[in-house]
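Visitor: quick one: sequence plus predicted model below, questions after.
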Amino acid sequence: MGNDDHRRRKTPCGFCMAVFKWIPVLFISAVIAWSYYAYVVELCIRNSENRIGMIFMLLFYHISLTLFMWSYWRTIMTSVGRIPDQWRIPDEEVSRLFRADSPDTQKRILNNFARTLPVTNRTMNGSVRFCEKCKIIKPDRAHHCSVCSCCVLKMDHHCPWVNNCVNFYNYKYFVLFLGYALVYCLYVAFTTLHDFVQFWKVGAYENNGYSEQGQLNGSGMGRFHILFLFFIAIMFAISLVSLFGYHIYLVLVNRTTLESFRAPIFRVGGPDKNGYNLGRYANFCEVFGDDWQYWFLPVFSSRSDGYSFPTASDQSRVSTAAASPVQRYDAMGDTTTSRLDGNPTDKLIDATPHDTLTNNLNLNHHPSPHQVKGTSQLHHVVVPLRLDALQEHPGAKSSLPAGGAANGSAVVIEMIGDQPMAHKESPGCPPNGDLPV
């Protein structure tokens, strides 16, 4: 199941270990085969007297069994994938890395090699994650599996019941396998409950069966097949409900089993268990995809490529940029602001008496960034600014033609740190290029 260049060594010991790892899978397969015989042959064919009910029981049974086995097979047979060579460090760089005399030197070598790779995860000392066995830069959320002998993309854990790593490529299949296995066990337990109760009712045995009280029919071994089928279905259902519920929780918070025990460390922000949490629906779509028609089928529909993943900080930056007031800069030179009424300095202007503002202007004090001076009164309005005019006179106030103000008045926007229009800046004072926000 591992990478092509990390295949298991073909030795007698390695062969024995490979066979040993398939024992849990063979055990599960044997239990499923026996349950098929007990349900179809002993319960439905030999014991059921209602043929119409038997047909519906067998129909739903085979639907749940098909989805269960399909998901299980895909989980087992899906490869962990092969990390491309662009993540592999050349041998000379590896030798240089191991010969480095300090951790800082190793950190510089790794960061220099990974400067073009989409990696955000770091180690405790802030360096890029490196696998000494595979000689590669680890992609985000990837880990080395000692059983598979390779680095696995978005590794969740190594599951012996599927003899494979649960990873980016088969995680959806694994969750569906747990869900359909739970449905299968609950369905079998529910449909055998009546016969299980009948088994314990007191009755007179006649001809290796029950008497006329409507009790369980069939041979003695057949009755025990149905009895044990109910017990095993209940036991597996109890273990599966907790495991399936836990992985549903991990899907909804966009977290792997490894990340739930050891939080990933980000280049910006440090350790954060919720670093990949995008919201429940987005997290669900990260695993199951955007097309609802494939959500409950064991076909690959997950987002991403397995090497880079959107983070919660990326989403928050996008949301903040969309919700906050922005300035739009025209490529040809004009600059306009979307709105100024949300700026806190407007409240300071509105709370200041008109006479105080007029006196402050006459005393050559620095005005607030959004004070607008007209011919008869003060206004703060949204006006277009000419970038080229500001660049010619960065320290001067920006004057607009009379047509740009309300009521035909000339409008002047005074900028923070600027001197009054009647005075020029002294040569020793640097020009102020701050723009109003």
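Guide: Cool, got the structure. Numbering: from 1, shown residues only.

Visitor: where does pLDDT dip in the stretch 101-250 of the chain?
Guide: Applying pLDDT under 70 to the stretch 101-250 of the chain flags the ranges 201-220.

Visitor: and the strands in it?
Guide: Counting by DSSP state E, counting those that start in this stretch, residue ranges of the strands within the stretch 101-250 of the chain are 130-131, 136-137, 143-145, 150-152, 157-159, 164-166, 205-206, 209-210.

Visitor: of all those strands, which lies closest to R96?
Guide: Closest to R96 of these, according to CB to CB: strand 130-131, at 12.7 Å. Every C-beta, even on glycine, is put in place using the N, C-alpha and C of the backbone.

Visitor: okay, now the sheet partners of that closest one, with direction.
Guide: Sheet pairing of strand 130-131 (DSSP bridges) gives strand 136-137 (antiparallel).

Visitor: name the residues that touch the strand it pairs with?
Guide: Identification of contacts with strand 136-137 by CB atoms under 8 Å, 6 or more residues apart in numbering yields 83, 87-89, 110, 113-114, 117, 119, 128-131, 151.

Visitor: one more pass at 10 Å, please.
Guide: 3, 83-89, 94, 110, 113-114, 117, 119, 128-131, 142, 144, 150-151 (CB atoms under 10 Å, 6 or more residues apart in numbering).

Visitor: returning to that earlier point: okay, the strands of the stretch 101-250 of the chain in TSV with distance to M77 and mean neighbour count next?
Guide: Rendered in TSV, the data for the strands of the stretch 101-250 of the chain read as follows (distance: least, CB to CB, whole Å; neighbours: other CB atoms under 10 Å):
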stretch	distance to M77	mean neighbour count
strand 130-131	25	19
strand 136-137	24	22
strand 143-145	17	20
strand 150-152	16	27
strand 157-159	13	18
strand 164-166	8	27
strand 205-206	48	10
strand 209-210	44	17
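
Visitor: among those, which comes closest to Y294?
Guide: Scanning those with CB to CB as the criterion, the closest one proves to be strand 164-166, at 19.2 Å.

Visitor: which helices and strands does the closest one pack with?
Guide: Where contact means 3 or more CB pairs under 10 Å, 6 or more residues apart in numbering; DSSP states H and E, strand 164-166 is packed against helix 51-77, strand 143-145, strand 150-152, strand 157-159, helix 171-200.

Visitor: among these, which comes closest to F20?
Guide: When these are ranked by proximity to F20, the top entry is strand 157-159, at 14.4 Å, counting by CB to CB.

Visitor: in its sheet, what does the closest one sit against?
Guide: Strand pairing for strand 157-159, determined by DSSP bridges: strand 164-166 (antiparallel).

Visitor: residues in contact with the strand it pairs with: which ones?
Guide: Residues outside strand 164-166 that contact it (CB under 10 Å, 6+ apart) are 1-2, 21, 25, 75-81, 143, 145, 147-148, 150, 152-159, 170-171, 173-175, 177, 247, 256-257.

Visitor: just the buried subset of those residues, written out for PyMOL, thanks.
Guide: The following PyMOL line selects those of these that are buried, judged by 16 or more other CB atoms under 10 Å:
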select buried, resi 1+2+25+75+76+78+80+81+143+145+147+148+150+152+153+154+155+156+157+158+159+170+171+173+174+175+177+247+256
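
Visitor: out of the helices and strands packed on strand 164-166, which comes closest to L240?
Guide: Using CB to CB as the criterion, the shortest distance between L240 and these is 4.3 Å, found for helix 171-200.

Visitor: quick revisit: got the helices and strands packed on strand 164-166 as JSON lines, with distance to T123 columns?
Guide: What follows is these, written out as JSON lines (distance: least, CB to CB, whole Å):
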{"stretch": "helix 51-77", "distance to T123": "31"}
{"stretch": "strand 143-145", "distance to T123": "13"}
{"stretch": "strand 150-152", "distance to T123": "15"}
{"stretch": "strand 157-159", "distance to T123": "21"}
{"stretch": "helix 171-200", "distance to T123": "24"}
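
Visitor: comparing the ones you listed, which comes out most buried?
Guide: Each of the helices and strands packed on strand 164-166 was scored by mean neighbour count; the highest is strand 150-152, a mean of 27, by mean count of other CB atoms under 10 Å.

Visitor: packing partners of that strand?
Guide: Contact analysis of strand 150-152 by 3+ CB pairs under 10 Å, 6+ apart lists strand 136-137, strand 143-145, strand 164-166 as its packing neighbours.

Visitor: mind doing that once more with 7 Å?
Guide: Of the remaining helices and strands, those touching strand 150-152 by 3 or more CB pairs under 7 Å, 6 or more residues apart in numbering; DSSP states H and E are strand 143-145.

Visitor: okay, now the sheet partners of the strand it packs on, with direction.
Guide: Sheet partners assigned to strand 143-145 using DSSP bridges are listed as strand 150-152 (antiparallel).

Visitor: tell me what angle the lengthiest helix in the chain forms with helix 171-200.
Guide: Of all the elements of type helix in the chain, the one with the most residues (DSSP state H) is helix 220-253. In this structure, helix 220-253 runs at an angle of 150 degrees to helix 171-200, with axes from the mean of the first three to the mean of the last three CA atoms, to 10 degrees as the basis.

Visitor: sorry, back to before: could you dump the strands of the stretch 101-250 of the chain to JSON lines with distance to S64?
Guide: Compiled in JSON lines, the strands of the stretch 101-250 of the chain are given as follows (distance: least, CB to CB, whole Å):
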{"stretch": "strand 130-131", "distance to S64": "41"}
{"stretch": "strand 136-137", "distance to S64": "41"}
{"stretch": "strand 143-145", "distance to S64": "31"}
{"stretch": "strand 150-152", "distance to S64": "30"}
{"stretch": "strand 157-159", "distance to S64": "21"}
{"stretch": "strand 164-166", "distance to S64": "22"}
{"stretch": "strand 205-206", "distance to S64": "34"}
{"stretch": "strand 209-210", "distance to S64": "29"}
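
Visitor: show me what contacts the residue nearest to L43 when sequence neighbours are not counted?
Guide: For L43, ignoring the flanking residues on the chain, the nearest one in space by CB to CB, 6 or more residues apart in numbering is I226 at 5.4 Å. If a contact means CB atoms under 7 Å, 6 or more residues apart in numbering, then I226 has 38, 42-43, 192, 195-196 as its contacts.

Visitor: save the residues you listed as TSV, and put in distance to L297 too.
Guide: Formatted as TSV, the entries for the contacts of I226 read as follows, by distance: CB to CB, whole Å:
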residue	distance to L297
A38	28
E42	31
L43	28
T192	28
D195	32
F196	33
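
Visitor: between these, which is closest to R280?
Guide: Comparing these against R280 with CB to CB places T192 closest, at 35.9 Å.

Visitor: the closest one contacts F228, doesn't it?
Guide: No. T192 sits out of contact with F228 when judged by CB atoms under 7 Å, with a separation of 10.0 Å.

Visitor: distance check, the nearest residue to S127 once chain neighbours are set aside against P84.
Guide: Among residues not flanking S127 along the chain, K107 sits closest, at 3.9 Å (CB to CB, 6+ apart). When CB to CB, to the nearest Å is applied, the distance between K107 and P84 equals 23 Å.
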